[in-house]
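>>> Mind folding the following:
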Amino acid sequence: MKLNDLRDIDGATHTRKRVGRGIGSGSGKTGGRGVKGQSSRSGVAINGFEGGQMPLYRRLPKRGFKNIFAKSFNAVSLARIQVAIDAGKLDAKETVTVEALVKAGVVRRAKDGVRILSDGDLKAKLSFDVAGASKAALEKIEKAGGSVKLPQKETAE
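Numbers count the residues shown, from 1 in each chain. Okay, here's the model as predicted:
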């Protein structure tokens, strides 16, 4: 194989269609847009337009609600944490935080915090500083001799 033998695979590149370049080109005069009307003009935006009929997105009832204040947590199982400790990626003596889990590769990117779930077992005595934990996970952590520090919930007075 020589450098001058290199070329694209057949069909990888296409020649650009030059419209409006004379009758002999096959797409001259109107340039493939037909004659007159809205879609023959430039700046056409007719997505969802149904010719004056009430569009589908307005005919259908609106339902549901999107909470813009909802938090998105990373769910991490106890088994996944134990695997990271066994592999030497997490230090059992240090407090397990979001940053430590990201550094260890347990969590790819931190969202609004980490929530510990109870899948699997925990052998190591760990202290956690996380956004949340399930009741079963709390029991398993405390059974292993560890502790969990959760943020205090604000009460309306």
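>>> Which elements pack onto the host helix or strand of residue 128?
For residue 128, the host element (DSSP states H and E) is strand 127-129. When contacts are defined as 3 or more CB pairs under 8 Å, 6 or more residues apart in numbering; DSSP states H and E, strand 127-129 packs onto strand 95-96, strand 147-149. Where you see a C-beta, it was placed from the backbone N, CA and C, and this is true even at glycine.
>>> Compute the number of surrounding residues for residue 73.
Residue 73 has 16 neighbouring residues, counting by other CB atoms under 10 Å.
>>> So it is in contact with residue 134, correct?
No: using CB atoms under 8 Å, residue 73 is not in contact with residue 134, being 11.4 Å away.
>>> what's the overlap in contacts for those two?
Between them, residue 73 and residue 134 share these contacting residues under CB atoms under 8 Å, 6 or more residues apart in numbering: residue 115.
>>> circling back: which one of the helices and strands packed on strand 127-129 is the most hemmed in?
strand 95-96 (a mean of 20; mean count of other CB atoms under 10 Å).
>>> Contacts for it next, please.
81, 90, 126-130, 149.
>>> how about the helices in the chain?
In the chain, the helices defined using DSSP state H lie at 56-59, 78-86, 98-104, 135-143.
>>> What residues sit buried inside the last one?
Spelled out, it's helix 135-143. Neighbour counts over helix 135-143 (16 or more other CB atoms under 10 Å) mark 137-138, 140-141 as buried.
>>> Now pLDDT and distance to residue 29 too, for the residues you listed, in CSV please.
What follows is those, written out as CSV (pLDDT from 0 to 100; distance: CB to CB, whole Å):
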residue, pLDDT, distance to residue 29
137, 94, 71
138, 94, 75
140, 93, 76
141, 93, 76
